[in-house]
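K.L.:
Need coordinates for the below:
(2 chains)
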Amino acid sequence: MITENKIRKVVTVLLCIGMLSLSIWLLLSPKKDFSENENRYLAKFPALSAKSVLDGTYTESLSDWLADHFPKRDFFVGLKSQTEILGGRKEINHIYVAKDDYLIEQYAQPQNTQRIADTLSRFYKKVSQAQVNINLMLVPTAVTIHKDLLPKNAPVSNQLETARSIYAATGIPEIDCTSHLFTGISEGQLYYRTDHHWTTLGAYYGYLAFCETKNLEPVSLDSLQKQTVTEDFAGTLYSKVNDYHHKKDSITVYTNPEDHLTVTYTDTKEVTNSLYNFDYLTEKDKYSLFLNNIHSLVEIENQTSSSEDVLMLIKDSYANSIVPFLAHHYRKIYVFDTRYYKDGPSSFLSEHKEINDILLLYNMNTLDTDSGIRGIY
Amino acid sequence: MVFSGIPFLFFFLPLCLILYYAVPFSLKNGILLIFSLIFYAWGEPLYILLMLFSTLLDYTNGRLMERFGTTKCRKTFFLCCSICINLLILAFFKYADFVVSLVNSILGTQIALPGIHLPVGISFYTFQTMSYIIDLYRGEVKAEHSYAAYLTYVSMFPQLVAGPIVRFADIQEQLHSRKITFDGMQAGLMRFMLGLFKKVLIANQAGALWEEIRMLGATNTSVATAWLGALCFTLQLYFDFSAYSDMAIGMGHMLGFTYHENFRYPLAAVSVTDFWRRWHISLSTWFRDYVYIPLGGNRCKIPRHLFNIAVVWFLTGLWHGASWNFILWGIYYGILLILEKYIWGNALAKLPKLLQHTYAFLIVVFGFVIFAITDGNALSSYICLLFSFTSNSLADTRFLWYLGNYGLVLLIACILACPVYPWLCQKISAFSRPKRCILSTVSGIGMILLFVLSTAYMVSDTYNPFLYFRF
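P.N.:
Next up, the predicted model:
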């Protein structure tokens, strides 16, 4: 006869078995070093030392290790996110779960506007002696361009206001791509749904704004070779939200058949003829295929360019997908990532008199949160 | 080690229970003791020596009192010895920084702060050992002859770091003989799980929102948001603290011990007096029996009674942490209790029940704001926000945003903070047997699902605070 007591016993036994099997599984299962889904290295087994045991850090690291190597970690991490979303959460780890399957990174109240403006002003003062054209392009992120997709009542700080105050404080001639991006919304996807970058199409609208300011004739998209290289891109925002059922992105790249390029990565001494490294398609962070991920200094020569101009591009990773469009208009482009280029681009400038254009390109989110801009000056 | 973490739940507890059940009774206390020491050493590898010293002191004093305490005078000597040393240890490790900064601010001196890190659970175990020696003095318990048994009592991991404060008198017999049954283990496990769900799925979520709101800064906080934050902290503290007690009581059951209840739905109280009969019962009864009643309690003239209340509530506040806001919090309750006793208690009892609940709830929520914010300036500016003494709006979209994101969790928390569970149990007990069987199957499945979900939260959650490090 079934009684309540028997049912309770069964539940108790099931719970105990479940708990024990997870413990044993955790101990016996093979361990991974890297979590593809979370895009981070998992905790290493802590080394035993008298100091770490006595100050308590050993047991802390051991707890982290256990959590990181828990069996079916991806399932559990995903379960938590899905439960939260189901329970009404529209923001996880500072990422909005927005409409149309968009994940959109929050723009928090900027903390460093004054310091950024000071750095840029100092750089501007230095280069204005050198008779070069300089422009600053601050790219708004999806939180501004896709404001209408944000969940109801989501608190947002105004990126455009911050951008305006930086333009005004530094006096560097601006390239405002905001209106171009707004007109581009109807033409296709401008930002990745799962990543914090703009898409190649988004970058193209940034390029149109650039051409308009610089009085250049933009290359039309139709004359470029279009290639969708993956439909399985799960970007950085995907890894922060950890809802593993979220729709993934595709990446499209454009190549100009007229351009014959030599791309030199000065830090690793690699030389190629392509702005893309498709090896990254097999990895998690597929956006890295643009300009072969992060390099302190990349030199791009276009042998077939009709122009004699040389551009110095000082930028963050947003620019990696705009470079393929810009390359057509310059004989040579020096691309600096100021997070890694330690010597300061201004001294480089005084040694390379052939440079006649400078473009500073940063997105509004990492501008404030990443200390990279300090490397400019 | 926190109960709601993977090391404890998946390794420490199962291993401890398996060994505990496997060995004969004579070895069970030994297993319990070893695991309790490992448990404490996991988080406090050095201060474990302090705990060993503290217990040895009271054990020895107990033996001495038994052997030589032939006259009242001698007994009092041993009692004073024990209490003074215990309080000195507590004062040194918990209040040294506070006292030095106090001296500095009064005398204008520049004495460097000692910067002593507070040993986890010291307030809990010091009160436990003191209860033993006082009860022994009063003749309410017999002196414990086995140091191992005494150490087991003090260090027992279920209640070591966050209560309840178990009195030796309640547990002495169980230390030497107790029944360990499958039914007890099963009931204990269910109680433990309940606590785990409360901590991981509710307290931590409410706490995350509270953290976000307190960090907002005054300009972005509307009056409604400030109250929402206060509600969140109240729910966090209640669910966290009572969850720890649930888990302790549950594990006690699994090990064959019976502890008293520590929380009885305090947020559903009808008055402040009622709240303190329901909140952290083991602490308030400790102060009642060892401070308030010895001082004369309420059986004395009014001024003396007021003094007694003032002392007890000053100490209660101070016990919660070495900071002004905790003392303020204690005094706040002292004053309210006096007012209820002498001014409006009778009138309050005649009000509609709903008003009584609202009255008590608002006082409690506001009280926890004082409890939550240790910095004086931050506290006063938060209180200004609550009572709209600033030009901030009453409500804004950010408030609605938080409500949308956390509304469901907070709603569930509010429902569970009311005594719906005992009410449901009572209703169900009147059902027919087949119906009851279906219901327990459903609740069993629910239990397993909640366990899976809690595991998910523990595996991926970075926010799993231990709130009692100040106690």
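
K.L.:
Quick one: name the residues of the stretch 201-350 of chain A near chain B.
P.N.:
Counting by CB under 8 Å from any CB of the partner chain, the stretch 201-350 of chain A comes close to chain B at residue A:242. Quick note: C-beta positions are derived from backbone N, CA and C, even for glycine.

K.L.:
quick one: the helices in the stretch 201-350 of chain A?
P.N.:
A:236-241, A:323-326, A:345-351 (DSSP state H, counting those that start in this stretch).

K.L.:
Which one, of the ones you listed, ends up nearest to residue A:368?
P.N.:
helix A:236-241 (16.5 Å; CB to CB).

K.L.:
Would you mind listing the buried residues in the closest one?
P.N.:
For helix A:236-241, the neighbour count (16 or more other CB atoms under 10 Å in any protein chain shown) marks A:236, A:237, A:238, A:239, A:240, A:241 as buried.

K.L.:
any idea how far the second one lies from residue A:254?
P.N.:
I take that to be residue A:237. 24 Å (CB to CB, to the nearest Å).

K.L.:
List the contacts of the one residue in the stretch 151-300 of chain B that gets nearest to chain A.
P.N.:
Taking CB to the nearest CB, chain A has its nearest neighbour within the stretch 151-300 of chain B at residue B:186, 4.5 Å off. Shown in contact with residue B:186 (CB atoms under 8 Å, 6 or more residues apart in numbering or on different chains): A:8, A:9, A:12.

K.L.:
quick one on the thing from earlier: any idea which of the buried residues of helix A:236-241 is closest to residue A:81?
P.N.:
Nearest to residue A:81 among these, with distances taken as CB to CB, is residue A:241, at 5.9 Å.

K.L.:
Just the buried positions in the helix or strand hosting residue B:377, please.
P.N.:
Secondary structure assignment for residue B:377, by DSSP states H and E: helix B:376-386. Neighbour-count burial for helix B:376-386 flags B:379, B:381, B:382, B:383, B:385, B:386 (criterion: 16+ other CB under 10 Å).

K.L.:
ditto for stretch A:358-374
P.N.:
Under 16+ other CB under 10 Å, the buried positions of stretch A:358-374 are A:358-368, A:370, A:372-373.

K.L.:
Up against chain B, what does the stretch 51-200 of chain A have?
P.N.:
A:53-56, A:59, A:62-63, A:66-67, A:70, A:73, A:75-77, A:79-81, A:83, A:87-91, A:151-155.

K.L.:
What subset of the residues you listed is buried?
P.N.:
Counted by 16+ other CB under 10 Å, those give A:56, A:59, A:62-63, A:66-67, A:70, A:73, A:76-77, A:79-81, A:89-91, A:151, A:153-155 as buried.

K.L.:
so is residue A:96 in a helix, a strand, or just coil?
P.N.:
Look at residue A:96: counting by DSSP: H, G, I helix; E, B strand; the rest coil, its state is strand.

K.L.:
Near it, how many other residues are there?
P.N.:
Residue A:96: 24 surrounding residues under other CB atoms under 10 Å in any protein chain shown.

K.L.:
Read off the pLDDT value for it.
P.N.:
Predicted confidence (pLDDT) for residue A:96: 95.

K.L.:
what's the burial count for the closest residue to it other than its chain neighbours?
P.N.:
For residue A:96, ignoring the flanking residues on the chain, the nearest one in space by CB to CB, 6 or more residues apart in numbering or on different chains is residue A:104 at 4.6 Å. Neighbourhood size, residue A:104 [other CB under 10 Å]: 27.

K.L.:
For residue A:104, give me phi and psi.
P.N.:
phi -130, psi 130 (degrees, to the nearest 10).

K.L.:
That one is in contact with residue A:98, isn't it?
P.N.:
Yes: using CB atoms under 8 Å as the test, residue A:104 is close enough to residue A:98 to be in contact (4.7 Å).

K.L.:
where do the contact lists of these two overlap?
P.N.:
With CB under 8 Å, 6+ apart, residue A:104 and residue A:98 have common neighbours A:146, A:149, A:150.

K.L.:
For residue 273, list the residues it contacts.
P.N.:
By default, I'm working from chain A. A:260, A:261, A:262, A:263.

K.L.:
I was after chain B.
P.N.:
B:337, B:340, B:341, B:345.

K.L.:
can you rerun that using 6 Å?
P.N.:
For residue B:273, the contacting residues are residue B:340, by CB atoms under 6 Å, 6 or more residues apart in numbering or on different chains.

K.L.:
Give me the pLDDT value at it.
P.N.:
94.

K.L.:
One more: the one 3 residues further on?
P.N.:
You'll see residue B:276 listed with a pLDDT of 95.

K.L.:
what does residue B:464 give?
P.N.:
64.

K.L.:
Which stretches in the stretch 51-200 of chain A count as helices?
P.N.:
Under DSSP H, counting those that start in this stretch, the stretch 51-200 of chain A gives helices at A:57-68, A:73-86, A:113-128, A:142-145, A:159-170, A:178-184, A:200-214.

K.L.:
Beyond the helix or strand containing residue B:277, next helix or strand please.
P.N.:
Per DSSP H and E: residue B:277 is located in helix B:272-278. Using DSSP H and E, the helix or strand that follows helix B:272-278 towards the C-terminus is helix B:281-287.

K.L.:
Which elements pack onto that following helix?
P.N.:
For helix B:281-287, there is no helix or strand it packs on, judged by 3 or more CB pairs under 6 Å, 6 or more residues apart in numbering or on different chains; DSSP states H and E.

K.L.:
buried ones in the helix or strand immediately after that helix in the chain?
P.N.:
Counting by DSSP H and E, the next helix or strand C-terminal to helix B:281-287 is helix B:302-319. Using 16+ other CB under 10 Å as the test for burial, helix B:302-319 gives B:305, B:308, B:309, B:312, B:313, B:316, B:317, B:318, B:319.

K.L.:
do the same with stretch A:223-233
P.N.:
So for stretch A:223-233, counting by 16+ other CB under 10 Å, buried means A:224, A:230, A:233.

K.L.:
Same question for stretch A:183-202.
P.N.:
Neighbour-count burial for stretch A:183-202 flags A:184-185, A:189-202 (criterion: 16+ other CB under 10 Å).

K.L.:
which ones are touching the residue nearest to residue B:336 when sequence neighbours are not counted?
P.N.:
Excluding the flanking residues, the one nearest residue B:336 by CB to CB, 6+ apart is residue B:272, at 4.5 Å. Residue B:272 makes contact with B:336, B:337, B:340, B:363, according to CB under 6 Å, 6+ apart.

K.L.:
Closest one to residue B:291 out of those, please.
P.N.:
residue B:337 (14.3 Å).

K.L.:
report the angle between the axes of the helix or strand harbouring the closest one and helix B:376-386?
P.N.:
Element membership of residue B:337, judged by DSSP H and E, is helix B:324-339. Helix B:324-339 and helix B:376-386 are oriented at 50 degrees to each other (axes from the mean of the first three to the mean of the last three CA atoms, to 10 degrees).

K.L.:
how far out from the middle of the chain is helix B:324-339?
P.N.:
From the chain centre to the centre of helix B:324-339 is a distance of 18 Å (CA atoms, centre = their mean, to the nearest Å).

K.L.:
Which pLDDT value goes with residue A:316?
P.N.:
pLDDT, read off for residue A:316, is 88.

K.L.:
Near it, how many other residues are there?
P.N.:
22.

K.L.:
same check, this time on the one 5 residues further on
P.N.:
Residues within reach of residue A:321, counting by other CB under 10 Å, total 28.

K.L.:
that older thread, buried ones from the contacts of residue B:186, can you make that a PyMOL selection?
P.N.:
Of those, the buried ones can be selected in PyMOL as follows, counting by 16+ other CB under 10 Å:
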select buried, chain A and resi 8+12
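
K.L.:
now the contacts of residue B:186 as CSV including distance to residue B:374 and secondary structure?
P.N.:
Below are these laid out as CSV (distance: CB to CB, whole Å; DSSP: H, G, I helix; E, B strand; the rest coil):
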residue, distance to residue B:374, secondary structure
A:8, 44, helix
A:9, 47, helix
A:12, 42, helix
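
K.L.:
just the contacts of residue B:186 now: which is nearest chain B?
P.N.:
residue A:12 (4.5 Å).
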